[in-house]
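In: Give the three-dimensional model of this entry:
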Amino acid sequence: MNITFDDAVRDRLLLLKGSHEADLVLDFDHTLSRENIGQDCCGITRYRIVLVEKGSVPEVFNASISSNFGSVYFKEWGQMYLDDEMKIRFNGPLIEIMGRGELIAPNIEIVDFRGDQLKIKAEKELTV
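Out: Numbering: from 1, shown residues only. Down below sits the predicted model:
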């Protein structure tokens with residue numbers, strides 16, 4: 001699997017990252033947050049690219065995708081919702097994930113949780 005970030009999204013990530021190293025997580029079920037958030041029955045509810053402290057990717061993100069910005073970590077069970085070749089790009093004011101010929105998610109967020117105390121929703125509630 002591979003993700004290609006277009007130049008505009010890559011520039012946004014570089015600006016957010018600054019000189020402070022980060023790992024990227026593709027969080028598609030709201031596992032990472034600043035507060036506990038309830039989950040609906042859909043499973044995949046909102047795709048987000050989350051910057052976390054370098055070396056502190058929670059174990060629940062047990063797979064990775066190569067990209068032109070380095071590894072992007074995700075939950076392996078979600079692979080069925082992804083494509084072998086994906087592009088994350090700006091489309092007007094929105095950022096979207098495209099597969100080969102199909103739209104995977106029309107509006108994703110990029111959030112920076114470095115330095116924050118995160119709530120990790122998994123089988124048991126964890127705090128990082």
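
In: low pLDDT regions in this structure?
Out: Along the chain, segments meeting pLDDT under 70 span 34-45, 116-128.

In: Let's see that with 80 instead.
Out: Judged against pLDDT under 80, the low-scoring parts of the chain cover residues 33-45, 115-128.

In: all strands of it, in order?
Out: For the chain, the strands defined by DSSP state E occupy 2-5, 22-27, 32-33, 48-53, 63-67, 72-74, 85-91, 94-98, 103-105, 109-112, 119-120, 126-127.

In: Now render the ones you listed as a markdown table, adding mean neighbour count and distance to Leu13.
Out: For the C-beta atoms, the positions are set from N, CA and C on the backbone; glycine is no exception. Below are these laid out as a markdown table (neighbours: other C-beta atoms under 10 Å; distance: least, C-beta to C-beta, whole Å):
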| stretch | mean neighbour count | distance to Leu13 |
| --- | --- | --- |
| strand 2-5 | 18 | 7 |
| strand 22-27 | 23 | 8 |
| strand 32-33 | 20 | 16 |
| strand 48-53 | 21 | 8 |
| strand 63-67 | 17 | 10 |
| strand 72-74 | 23 | 11 |
| strand 85-91 | 17 | 9 |
| strand 94-98 | 19 | 11 |
| strand 103-105 | 16 | 17 |
| strand 109-112 | 15 | 7 |
| strand 119-120 | 17 | 22 |
| strand 126-127 | 11 | 26 |
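
In: Ok, which of those strands comes nearest Leu15?
Out: strand 109-112 (10.1 Å; C-beta to C-beta).

In: ok, Ile65 - contacts?
Out: For Ile65, the contact set (C-beta atoms under 8 Å, 6 or more residues apart in numbering) comprises Met1, Asn2, Ile3, Leu26, Ser71, Val72, Phe74, Leu82, Met86.
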